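Trainee: Sequence plus the predicted model coming up.
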Amino acid sequence: MKLVLGLLGGAVIALIVAAPAWGQEPAQDQAVNVSGVWEFTSETPRGTMTRKVTFEQDGSKLSGTMETQMGAAPIKNGLVEGNKISFTVEFSRGERSFEMTYQGTVEGDTAKGTMQTPRGAVEWTAKRAG
């Protein structure tokens, strides 16, 4: 009888400890906060390309500015879903303009993914700079 009561008592304690987690989504489904300054780096046929990105996040919406050698451009169509981010940046050179679409995952103060350019996909990495 003592064994049965001991087992039941252990089960009740386990349920009490687990109760606060009931109804909560897993941590990986909760959106990361990417607000702040990030340094993006990628290897291109022209060498290493570094860009400074300032993100402003409002819930799942992502906006901000990307600064490159070609100048600054606003972030468009930015989205944060869990630990995934995506956004588009449009640059102009004279009368020509082109878009780069970024997709990636964030883990703490680092991120990685791919950007789609007019010349194909390029991998990128990023780290939070501030």
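Mentor: In hand now; what should we look at? Given the structure is predicted, the values throughout are model-derived calculations rather than measurements.

Trainee: can you give me the strands in the chain?
Mentor: 36-44, 47-58, 61-68, 71-81, 84-93, 96-107, 110-117, 120-128 (DSSP state E).

Trainee: quick check: mean pLDDT across the third one?
Mentor: When you say that, I think you mean strand 61-68. In this model, strand 61-68 has a mean pLDDT of 95.

Trainee: Repeat that for the second one.
Mentor: Per-region confidence: strand 47-58 scores 95 on mean pLDDT.

Trainee: next one: it to chain centre, how far?
Mentor: The chain centre lies 12 Å from the centre of strand 47-58; the measure is Cα atoms, centre = their mean, to the nearest Å.

Trainee: which strands and helices sit next to it?
Mentor: Judged by 3 or more Cβ pairs under 8 Å, 6 or more residues apart in numbering; DSSP states H and E, strand 47-58 is in contact with strand 36-44, strand 61-68, strand 71-81. For glycine as for every other residue, the C-beta is placed from the backbone atoms N, C-alpha and C.

Trainee: repeat that for 7 Å
Mentor: strand 36-44, strand 61-68 (3 or more Cβ pairs under 7 Å, 6 or more residues apart in numbering; DSSP states H and E).

Trainee: Quick check: which of those is nearest to Ala111?
Mentor: With respect to Ala111, and counting by Cβ to Cβ, the nearest of those is strand 36-44 at 7.2 Å.

Trainee: Which strands border the closest one, and is each parallel or antiparallel?
Mentor: strand 47-58 (antiparallel), strand 120-128 (antiparallel) (DSSP bridges).

Trainee: Out of those strands, the one nearest Leu79 is which?
Mentor: Nearest to Leu79, of these and by Cβ to Cβ, is strand 47-58 at 10.0 Å.

Trainee: what's the closest one in contact with?
Mentor: 33-42, 62-68, 80 (Cβ atoms under 7 Å, 6 or more residues apart in numbering).

Trainee: how many other residues sit next to Ser35?
Mentor: 15 (other Cβ atoms under 10 Å).

Trainee: Just put the strands paired with strand 36-44 in JSON lines and tack on mean neighbour count and distance to Ile85.
Mentor: Below are the strands paired with strand 36-44 laid out as JSON lines (neighbours: other Cβ atoms under 10 Å; distance: least, Cβ to Cβ, whole Å):
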{"stretch": "strand 47-58", "mean neighbour count": "15", "distance to Ile85": "8"}
{"stretch": "strand 120-128", "mean neighbour count": "15", "distance to Ile85": "9"}
